[in-house]
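Enquirer: One predicted model, sequence on top.
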Amino acid sequence: MRKISRLKFGAASMALGIAMAASPAMGQDQAAGETVEQEASARGIVVTGSRLASKEVTSPAPLQIVDEQLIEDAGVINIQELLLENPVFGTPALSRTNAAFLTSGTGIATIDLRDLESDRTLVLINGRRVVSSLAGSSTVDLNVIPTQFLQQVDILTGGASSLYGSDAVAGVVNFVYKTDFEGVDANAQYNITERGDDARYQANVTVGTNIDDGRGNIMVHFGYSNEEGLLSRQRANTRVDDLDSVYFDGEFGVPTEPFFSSFTPQGSFTTANGQFTYDPAGNLQNCVTVNGPTCTATIGSGTGPNGFNRQNFRTLAVPVERYIFAARGTYEIANDVNFFFEGTFNNTSSSRIIEPFPLESGGANGIFPTDGGFNVENYLPGTDTIVANPFVPQEILNAAEDSNGDGLRDIGFVRRLSEFGNRTGSTERNFYRFVVGFDGSLFDDRFRWDFSYNYGRVNENQVSSGQVNVVNFRDALAVRAEVGDENGNGIAGEAICIDAEARANGCAPANIFGAGSLSQAAVNYIAAQGTFQTGITQQVLQGNIGGDLFDLPGGAVGIAAGFEYRKESSFADNDALTNAGLNAGNVLPDTRGSFDVKEAYAELRVPLLADRPFFKLLEIGGAVRISDYSTVGSVISWNGTATWQPIEDVRLRGTIAEAVRAPNVGELFSGLSQTFPSGLVDPCAGIGATGGGALGDNCRAAPGVAANIAANGVFTLSQPDIQGISGFNGGNPNLGEETARSYTAGIVINPRSFDALRNLTITGDYYNYEIEDVISGFPRQFTLDQCYAEGNQTFCDLVTRRPAATANNSAGSIDLINALSVNAAVLKTSGFDITAQWFTELGLMENDRLTLRGAYTHVLEYDFFSLPDEDPDRFDGEIGTAKDRFTANAAYQTDDFRVTFNGTFIGSSFVDDQFDGPRVYEIPAEFYLDAQATFFAGDEFEVYLGVDNLLDNDAPNILNGIPGNVTGSDTAADVYDVFGRRYYAGVRIRL
């Protein structure tokens, strides 16, 4: 059993392809040139990426390991923060800085290798699966990982489905808990930004002890952390609504501000004879006579009313609070038979705030979606008598006409529901996972075996506010003046809801004319609270056995085999209004489903030659896995590996693998859910009455587009048209599996033959992935281009345009673009990784050590083919998939202190070429520098201080209207730092 040593130099902790021992810590008494690989050679260990125990802790596949020391040097609360600095990871699907506008997933932290999405990266704890925290998917929330309980993180890139099953398409991330720990390890830490916000604090304690004279060991960990969050108005560059000046033929990246929303608290009202609104003093304005076309006041200038500054209410980083408990134990119950267990409980809570609800009379989410008409007069029930709504100003009433032939005058409107307050959401998520099992050895330790049961469950409860009950709102808008009678029934002139049943249910009349005009009674009647509950369960039963069969000239032939049974189920339940789309927001269906899979695998390792001239080692291997899914049937995955070490200092390696990913519950069983995509370019924009070839003909065939051209000369869109596009995503029970072929080829150089360089390790690896039958909906920009440029009616059927103008949108503007999941796309990516590390004693101080590490990734290509024979959509070099990224670390340590610097580089990137075509809009490169100093007071007490983003770099401008923008951040907040310089301090106690 061991205690944690504070002298952890991590000699090979970042080297690709050099798999570490159970702990990569190097004790002070080790020889300077002794590597962790040598330290482990006396015992068999299992490396992530193989089921075989080996005394040669090398990996034929690219493998990086992040050790305890690197985790401590980073000072992170969530392990996601550290991993995202590594260039093998892509832009996270979910993080604190990109979840404020999502209907689910707030507070979740995810990772994905090679930018191939979270569902294609398999996350393990101690080599076993982890239940998802996002309903319908396999996405694991890293909030459930106890950062300070980690011994190391293994990062294996390359397809590994043959060893671990579905989802290991891009690779595997294995979080390894501490083992055999004895003692107490505790820390407390406080973080604050230089601006004095987003306070973050954590406290953790790990306790371990041996039992029954060393036959067993039990460890427990308790952790608490709180990240307070950050609002858009707390940063100067995100306080004011803006739009990129490129929309006005200006310079890219320069904000046009203020560019306020036209959905204002006072409202805007469209009639057949003009548009009306209110000025800041509350006076009704006729836009035709007072302010002309600028009356919509989206810029808030002139005599017109101010628009609405949404940024004042938005969230840059959501707050996250979490409690975590983890335990691990082993006990020797007989010779060569051990019992083991693991347990983890996590409670995570998060919340979000965004601006008050923007409501319109028409549109897919409007109060009157059919024609957008709000009747300003109504029939008295049971009569032909028409009465005017007493709230409607006379000037608006006089300008209104009957637009739909029902005999009643109507208008359109848009309005910000400020009386309802901000839209908010609070989420609480509980995670449970336990593993129990047995392991041991057979045949004089030639074979190792294990058998385990793994159970995981996640429950989520979410409550949201700020939306409306559309049915109640309609009733509240149908208003008449009370007549009253001699018996005292009713008050003459009082506004009441026309429908008697609605009145009996508490209907209060709604006055939408002017800011603050909605009464509290009306708000109470109309407001709708949203609810969302999920439940995910995972059960895994598995057994493995592996060992040495016989000896060859190169060593023992190793074999491993095993089986696994896994069952997963998931449900997501929304409230009834959300299901029906009657809360004026996204239509979201309930989803539930389950599947199970039976699997068996075998792995073989054959060392052909060893310790011969030019063949220090020559080894080949392979694995195959057969899986039988209840959904897609039987699938096979496999891999082949080769390692050639011509001399001690150089090792060549390569892998080929075919991996599979079966569709998850959401992809198979989800109904139509609504989304609001951004960054789309309407191919019909600018088309005139003639010309444009086939594109022009296809655009003019839409009645709304033709009407728009007739009115404006060319097809013209407003900013609300650009922002008002919606659509529905949906699952498909007939989906099949994805199949991925991956290749890696690399070299590891560790010149031990030269004393001056024996502590240097350099690796280089080429990778190549091709994924076929990718499960996805057709990208919406691709759908538009296929419909209008190519005239493909299948794609045109997915597009709905507005046939006529509404209160907020132009005739012919896009209302909906739908996308259903299919197995049609192809994804290809390739590139290379280079890592280097070196350590030495400088001799400047007693027992000093300098360690340098670096990891670099260059993306050669990242192409997405919506259909196999179509031209690709290139992602490499675009925001979030920079061609060049690296991280570098320098650490200097003595017996008294340790100082580290860590730099992260993100190469220059372009805006999505679906937006600008020739890639002319470039985002400059960014470099972030972090630093930490730790001071040791004996072996039991440490104090550390750190600074993140030491250079106080601002995130680059990626403004509203530009693809890559995360709403509310004026940048790609999931790629770049939005916090600025921040400080932290902490203490550690080790007993």
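Expert: Yes, it's here.

Enquirer: what stretches of this protein score poorly on pLDDT?
Expert: Across the chain, the ranges flagged by pLDDT under 70 are 1-49, 53-57, 288-306, 364, 371-372, 483-493, 807, 915-917.

Enquirer: longest strand of the chain?
Expert: Of all the elements of type strand in the chain, the one with the most residues (DSSP state E) is strand 527-552.

Enquirer: Walk me through which strands it pairs with, and which way each runs.
Expert: Here strand 527-552 is paired, per DSSP bridges, with strand 447-468 (antiparallel), strand 555-574 (antiparallel).

Enquirer: in what helix or strand does residue 217 lie?
Expert: strand 216-227 (DSSP states H and E).

Enquirer: partners of that strand, with directions?
Expert: Strand pairing (DSSP bridges) places strand 216-227 next to strand 200-211 (antiparallel), strand 320-334 (antiparallel).

Enquirer: mind checking which of the ones you listed is nearest residue 757?
Expert: Nearest to residue 757 among the strands paired with strand 216-227 is strand 200-211 (37.5 Å), distances taken as C-beta to C-beta. C-betas here are computed from N, CA, C, even on glycine.

Enquirer: next structured bit after the strand holding residue 217?
Expert: Downstream of strand 216-227 (by DSSP H and E), the next one is strand 230-231.

Enquirer: just to revisit the earlier point, mind putting the strands paired with strand 216-227 into CSV with distance to residue 194 and mean neighbour count?
Expert: Listed next are the strands paired with strand 216-227 as CSV, based on distance: least, C-beta to C-beta, whole Å; neighbours: other C-beta atoms under 10 Å:
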stretch, distance to residue 194, mean neighbour count
strand 200-211, 14, 18
strand 320-334, 21, 18
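
Enquirer: Make JSON lines from those and add distance to residue 879 to it.
Expert: Converted to JSON lines, those look like this (distance: least, C-beta to C-beta, whole Å):
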{"stretch": "strand 200-211", "distance to residue 879": "26"}
{"stretch": "strand 320-334", "distance to residue 879": "25"}
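
Enquirer: just so I know, which of those strands lies nearest residue 782?
Expert: Among the strands paired with strand 216-227, strand 320-334 comes nearest to residue 782, with 35.1 Å by C-beta to C-beta.

Enquirer: list the contacts for the spatially closest residue to residue 647 that is not a sequence neighbour?
Expert: Using C-beta to C-beta, 6 or more residues apart in numbering and skipping the chain neighbours, the partner closest in space to residue 647 is residue 616 (5.8 Å). Residue 616 makes contacts with 610, 645, 646, 647, 648, as judged by C-beta atoms under 8 Å, 6 or more residues apart in numbering.

Enquirer: how long is stretch 643-658 end to end?
Expert: 19 Å (C-alpha to C-alpha, to the nearest Å).

Enquirer: tell me which residues in that stretch are buried?
Expert: Buried residues in stretch 643-658, defined by neighbour count with 16 or more other C-beta atoms under 10 Å: 643, 644, 645, 649, 651, 653, 654, 655, 656, 657, 658.

Enquirer: Tell me, how many residues neighbour residue 590?
Expert: For residue 590, the neighbour count with other C-beta atoms under 10 Å is 17.

Enquirer: Quick check: it vs residue 803, distance?
Expert: From residue 590 over to residue 803 the distance is 32 Å, taken as C-beta to C-beta, to the nearest Å.

Enquirer: For the residue nearest to residue 433 when sequence neighbours are not counted, give the beta-bridge partners.
Expert: Once flanking residues are discounted, residue 433 sits nearest to residue 456: 4.2 Å by C-beta to C-beta, 6+ apart. On the basis of DSSP bridges, residue 456 is bridged to residue 433, residue 538.

Enquirer: burial of the residue nearest to residue 569 when sequence neighbours are not counted, as a residue count?
Expert: With C-beta to C-beta, 6+ apart as the criterion, residue 569 has its nearest non-adjacent residue at 3.6 Å, and that residue is residue 594. The number of residues packed near residue 594 is 15, by other C-beta under 10 Å.

Enquirer: could you say which helix or strand contains residue 594?
Expert: Residue 594 belongs to strand 591-612 when assigned by DSSP H and E.

Enquirer: roughly how far is that strand from the heart of the chain?
Expert: On the basis of C-alpha atoms, centre = their mean, to the nearest Å, strand 591-612 sits 29 Å off its chain's mean C-alpha point.
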